[in-house]
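> Sharing a model prediction with you, sequence too.
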Amino acid sequence: MNALEQRLHYPLGDQLPEPGHSLEVAPGVRWLRMGLPFALDHINLWLLRDRAEGPDGRAVEGWTVVDCGITNDDTRAAWERVFEHELQGLPVLRVIVTHMHPDHIGLAHWLTERWNCRLWISATDYNGARIASQSTTGYGGEAAARFFASHGLTDPDSVEKVRARSNYYANMVPQVPTQYRRLIDGLELSIGGFAWRCIAGYGHAPEHISLYSESLGVMISGDMLLPRISTNVSVFDVEPEGNPLPLYLASIGKLRELSDEVLVLPSHGRPFRGVHERVDQLLAHHEERLAEVRAACGEAPCSAADLLPVMFKRKLDLHQTTFAIGEAIAHLHMLWLDGKLRRVTGADGVHRFVLA
């Protein structure tokens, strides 16, 4: 545990759900944990006890699932164990997805088909997932390779590996359900007799939806608020002049309006209390990164690739490098579009930034 983590409170201590099983974290709220084939090796998923009106007008008891895991055999097998051990013989009534990233929406098509239920998600992320599953926009392929190269990732081997990932997203999200119900900011859902309010967040995904239950004192934060790592905020080739970092900072800043006693259920890491502390930590973290970026650009013109050793002190694999360079661009763009930096494109086609 690092020093910042020690300022948060983890009411479950070091407890983790066993594979295929769950832990109750609040009345009717159960925590699942499934594996991912990345350095970030897990995702937290949630089961909410629920009831809905059946075809005959009678109430049907069951479960709402929040987030799904990626599409692969291991995740399907983990869900099968959950169906056997954790549902108490009751059906899944709906699948809520916080946002379009593969570890969250990957198995939504399989879950909704298996249980004949509906996907609930923001319209922006639903349509983003539909496009990405067919074209890998922003995640690999020729357009992504050209975009990263324009920001200094010119190593031929790395560029070729990005170019070869033309089906990167589709491998983990081969299908997206053909129908959905729309979640928007401020929408209130009744789940198991408790009110859950949708909180839209921006910057990490197009229209990320967190869920907050004041009566339970619980927020399912998705990726917007994580206890150990900072949420990735990146610029992608589909929106090459994007400016997502101010959107993200404003989104998490609004979370300070919640009670500091709320139990935060993140997509990665352990449930924690201390939302105000964590928001302040993340705001300070990005202020420090912005200061580092501005100082580096004051010494010499910098591309996003030039800034990787400045912003990231550890060795990065290609998967991590693509996220890291996207985040470096996000910090550069915030300063550039705020008039603090100037962008210059060299004869080599690489964008570099200098003090304005």
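Here it is on my side, so go on.
> How many residues are close by residue 125?
Using other CB atoms under 10 Å, residue 125 has 24 other residues around it. To be clear about C-beta, it is placed using only N, CA and C from the backbone, and glycine gets the same treatment.
> How about residue 200?
Quick note: residue 200 (other CB under 10 Å) scores 19 neighbours.
> Please apply the same query to the one 3 residues further on.
Close neighbours of residue 203, defined as other CB under 10 Å, add up to 23.
> Dihedrals phi and psi, the residue nearest to it when sequence neighbours are not counted?
Nearest non-adjacent residue to residue 203, counting by CB to CB, 6 or more residues apart in numbering: residue 248, 2.6 Å away. In terms of degrees, to the nearest 10, the main-chain angles of residue 248 are phi -70, psi -50.
> hang on, isn't residue 248 packed against residue 234?
No - using CB atoms under 8 Å as the test, residue 248 is too far from residue 234 to be in contact (10.2 Å).
> Using PDB, write down the CA coordinates of stretch 89-98.
What follows is stretch 89-98, C-alpha atoms only, in PDB (Å, rounded to 0.1, in the frame of the first residue of the first chain):
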ATOM      1  CA  GLY A  89     -31.700 -19.800  -8.400                       C
ATOM      2  CA  LEU A  90     -32.900 -16.300  -9.500                       C
ATOM      3  CA  PRO A  91     -32.500 -14.800 -13.000                       C
ATOM      4  CA  VAL A  92     -30.500 -11.800 -14.200                       C
ATOM      5  CA  LEU A  93     -33.100  -9.100 -14.900                       C
ATOM      6  CA  ARG A  94     -30.800  -6.500 -16.600                       C
ATOM      7  CA  VAL A  95     -27.200  -5.700 -17.300                       C
ATOM      8  CA  ILE A  96     -25.900  -2.200 -16.600                       C
ATOM      9  CA  VAL A  97     -22.600  -1.100 -18.200                       C
ATOM     10  CA  THR A  98     -20.800   1.900 -16.800                       C
END
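> Tell me how confident the model is about that stretch, as a mean pLDDT.
In this model, stretch 89-98 carries a mean pLDDT of 97.
> how distant is that stretch from the center of its chain?
20 Å (CA atoms, centre = their mean, to the nearest Å).
> And stretch 28-40, by the same measure?
Mean-position distance between stretch 28-40 and its chain equals 13 Å (CA atoms, centre = their mean).
> Other residues contacting that stretch?
Residues from elsewhere that reach stretch 28-40 (CB atoms under 8 Å, 6 or more residues apart in numbering): 16-17, 19, 22-25, 41-49, 69-70, 72, 74-75, 78-79, 82, 86, 103, 192, 194, 216, 218, 229, 265, 268, 271, 317, 319-320.
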